[in-house]
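Engineer: turn this into a model:
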Amino acid sequence: MSPTAPIISKVWSFCTTLRDDGVGYGDYLEQLTYLIFLKMADEYARPPYNRNVGIPDKYNWASLKAKRGAELEVHYVELLRELGTHKGMLGQIFTKAQNKIQDPAKLYRLIDMVDSTQWAIMEADVKGDIYEGLLEKNAEDTKSGAGQYFTPRALIRAMVECVRPEPMKTIADPACGTGGFFLSAYDFLVNQHKLDKRQNAFLKRQTFFGNEIVANTRRMCLMNMFLHNIGEIDGESLISPNDALVAQSPQSFDYVLANPPFGKKSSMSFTNDEGEQETDELTYNRQDFWATTSNKQLNFVQHIRSMLKTTGTAAVVVPDNVLFEGGAGETVRRKLLENTELHTILRLPTGIFYAHGVKANVLFFDNREASPNPWTKEVWYYDYRTNVHHTLKKKPLRYEDLAEFIACYNPENRHKRKPTWDADTNPDGRWRKYSYEELVARDKASLDVFWLKDKSLTDLENLPEPDELAEEIIENLEAGLESFRAVLAGLNGRT
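Structural biologist: Prediction:
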């Protein structure tokens, strides 16, 4: 048995205990975040570290351990509120923090469980695995809505493998959720390169930059990174709480890896004169944008391009509407083809995201300096949607499922690629290219391209298993309901 197995077992079993009291994964994860952070701060304040992490003695780990019952509950609430007023990572971890464990006895037991482990000396990958496991469980809890902040790790790893980030370069994500892209890029850099002291320091403190506007998700991202050895316990927060789309990034980056939130419209909630909650569509008037629109996805594509250095590379997940929508969508696509080298599009299947029925793609593009001629010469497509069936529970996406795509992408030298599709010899090939001229000649310069035949329409033997089919139908129905709710909300907003 692994020496860390007991702590993993304890973390999970206590979560089960609290769920009986109505405390969900998200709330459990929140409280665990606060307590592990405080315990690690206590460990770092002692030899051999002897660091001042900025936590007043009145609110340190020892102060929590010394109290029980109602006194503990009162003190814990006060501690959370007080630490949320601090600056740097400490303040961001405790921003808007609340106690979600109403039974002081169970709170004490949780404190005792965290206290029984030496977190600072535990291997980063073990701490990270515990936390990542909880994040994934939280994402699976559909009622919490946390899944929208959690990108399938298999997809993230495949994207990172294609981009192949290099040491001493910066990596950004303007909608970073729980930090999946950062952690995968970190693992890639550590595993693929023998980093020296200077490179390791840069990786820990100066490589990653993100935005996350939801306080709870941001704290989970910071803790996830911190447990994976990214950032300093007494340092500045690497994740900004600001809306990334409001203004051009003050810094440009070597890589942007992102899966911006699903949902087409950017909106802002406010309370009307009658005290009712309403939403207003947000249109960002940015001089550096090619088109002004309230479509959040198109705004993120434009923003990500503006974040890149002229030598920068991006891999971004976008829904299908970005590939075919008219108006601002057409403008953005044409400008993207002209001003960047949009070289690869991976078409993804449904059933891999926690948001139901999402049809998405990954755009891979390299930024370039201004030029009178279009930078994109050809776009390579990998169709991993047609005749592909995944479900979250029975048949989730695995890294191995994208192995052929990575091989076709040819990360070592993407300029030497060979199609697998051929009209005569291999009509089922998933990998082929289209020229710039072919794409801009399409209606609205649509990039929504498919060439494979859907075998389920003609060959009953190729239908998925009944339970997979049922799960797929449920996902599509739920996605349809979400769309109808959005339409209804829009209509109500007009009246």
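
Engineer: okay, now the unreliable bits of the stretch 1-150 of the chain?
Structural biologist: 1-9, 125, 140-149 (pLDDT under 70).

Engineer: show me the helices in it, by range?
Structural biologist: With helices called from DSSP state H, counting those that start in this stretch, the stretch 1-150 of the chain shows them at 5-19, 25-44, 61-65, 69-83, 88-93, 104-115, 124-140.

Engineer: can I assume residue 434 sits in a strand?
Structural biologist: Yes - assessed with DSSP: H, G, I helix; E, B strand; the rest coil, residue 434 lies in a strand.

Engineer: compute the number of surrounding residues for it.
Structural biologist: 16 (other CB atoms under 10 Å). Using the backbone N, CA and C atoms, a C-beta is placed for each residue, glycine as well.

Engineer: repeat for the one 4 residues further on
Structural biologist: Neighbourhood size, residue 438 [other CB under 10 Å]: 12.

Engineer: just to be sure, it is in a helix?
Structural biologist: Yes - Residue 438: assigned to a helix according to three-state DSSP.

Engineer: quick check: it vs residue 162, distance?
Structural biologist: Look at residue 438 and residue 162: by CB to CB, to the nearest Å, they are 23 Å apart.

Engineer: pairing partners for residue 211 in the sheet, please.
Structural biologist: residue 240 (DSSP bridges).

Engineer: ok, now which ones touch residue 93?
Structural biologist: Residue 93 is in contact with 33, 34, 37, 83, 219, 222, 223, counting by CB atoms under 8 Å, 6 or more residues apart in numbering.

Engineer: do a quick rundown of the helices in the stretch 301-450 of the chain.
Structural biologist: 321-324, 328-339, 403-409, 436-440.

Engineer: figure out which of these is closest to residue 152.
Structural biologist: helix 403-409 (14.0 Å; CB to CB).

Engineer: now the closest one - C-alpha only, PDB.
Structural biologist: What follows is helix 403-409 as a C-alpha-only set of coordinates in PDB (Å, rounded to 0.1, in the frame of the first residue of the first chain):
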ATOM      1  CA  ALA A 403      -3.500   9.500 -29.600                       C
ATOM      2  CA  GLU A 404      -4.100   9.300 -33.400                       C
ATOM      3  CA  PHE A 405      -4.900  13.000 -33.500                       C
ATOM      4  CA  ILE A 406      -1.700  13.900 -31.700                       C
ATOM      5  CA  ALA A 407       0.300  11.700 -34.100                       C
ATOM      6  CA  CYS A 408      -1.400  13.400 -37.100                       C
ATOM      7  CA  TYR A 409      -0.800  16.800 -35.600                       C
END
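
Engineer: show me what it is in contact with.
Structural biologist: Counting by CB under 8 Å, 6+ apart, 158, 161-162, 344, 346, 364, 380, 382, 384, 417, 420, 430-431 sit against helix 403-409.

Engineer: and that helix, average pLDDT?
Structural biologist: The pLDDT scores in helix 403-409 average 97.

Engineer: buried set for that helix?
Structural biologist: Within helix 403-409, the residues that count as buried by 16 or more other CB atoms under 10 Å are 405, 406, 408, 409.

Engineer: how is this protein partitioned into domains?
Structural biologist: Following automatic domain parsing, one finds the domains of the chain at 5-130, 133-479.

Engineer: distance from the last one to the middle of the chain?
Structural biologist: Right, the one you point to is domain 133-479. In terms of CA atoms, centre = their mean, to the nearest Å, the centre of domain 133-479 is found 9 Å from the chain centre.

Engineer: please apply the same query to the first one.
Structural biologist: Between the mean C-alpha point of domain 5-130 and the mean C-alpha point of its chain there is a distance of 24 Å (CA atoms, centre = their mean).

Engineer: where along the stretch 351-495 of the chain do the strands fall?
Structural biologist: 360-367, 378-383, 431-435 (DSSP state E, counting those that start in this stretch).

Engineer: kindly reformat these as a markdown table containing mean pLDDT and distance to residue 179.
Structural biologist: Converted to a markdown table, the strands of the stretch 351-495 of the chain look like this (pLDDT from 0 to 100; distance: least, CB to CB, whole Å):
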| stretch | mean pLDDT | distance to residue 179 |
| --- | --- | --- |
| strand 360-367 | 97 | 18 |
| strand 378-383 | 98 | 26 |
| strand 431-435 | 97 | 31 |
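
Engineer: what's the closest of those strands to residue 167?
Structural biologist: It's strand 360-367; of the strands of the stretch 351-495 of the chain, that one is closest to residue 167 (CB to CB) at 19.1 Å.

Engineer: which one in this structure is furthest away from the centre?
Structural biologist: residue 424 (40.3 Å; CA atoms, centre = their mean).

Engineer: pipe the strands of the stretch 351-495 of the chain into JSON lines and attach distance to residue 293 per row.
Structural biologist: Formatted as JSON lines, those follow (distance: least, CB to CB, whole Å):
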{"stretch": "strand 360-367", "distance to residue 293": "17"}
{"stretch": "strand 378-383", "distance to residue 293": "23"}
{"stretch": "strand 431-435", "distance to residue 293": "25"}
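
Engineer: which of those strands sits closest to residue 251?
Structural biologist: strand 360-367 (14.3 Å).

Engineer: next, the angle helix 328-339 makes with the closest one.
Structural biologist: 40 degrees (axes from the mean of the first three to the mean of the last three CA atoms, to 10 degrees).

Engineer: strands paired with strand 360-367, and their directions?
Structural biologist: Partners of strand 360-367 in its sheet, by DSSP bridges: strand 308-319 (antiparallel), strand 340-347 (antiparallel).

Engineer: quick revisit: can you redo the helices of the stretch 1-150 of the chain as JSON lines with distance to residue 151?
Structural biologist: Converted to JSON lines, those look like this (distance: least, CB to CB, whole Å):
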{"stretch": "helix 5-19", "distance to residue 151": "22"}
{"stretch": "helix 25-44", "distance to residue 151": "17"}
{"stretch": "helix 61-65", "distance to residue 151": "33"}
{"stretch": "helix 69-83", "distance to residue 151": "29"}
{"stretch": "helix 88-93", "distance to residue 151": "21"}
{"stretch": "helix 104-115", "distance to residue 151": "28"}
{"stretch": "helix 124-140", "distance to residue 151": "9"}
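
Engineer: could you pull out the strands for the stretch 151-300 of the chain?
Structural biologist: 171-173, 208-211, 239-240, 253-258, 267-271, 277-281.

Engineer: burial check on residue 344, number of neighbours?
Structural biologist: Residue 344 has 22 nearby residues by other CB under 10 Å.

Engineer: that one against residue 414, yeah?
Structural biologist: Yes - using CB atoms under 8 Å, residue 344 is in contact with residue 414, at 7.5 Å.

Engineer: identify the contacts common to the two.
Structural biologist: Joint contacts of residue 344 and residue 414 (CB under 8 Å, 6+ apart) do not exist.
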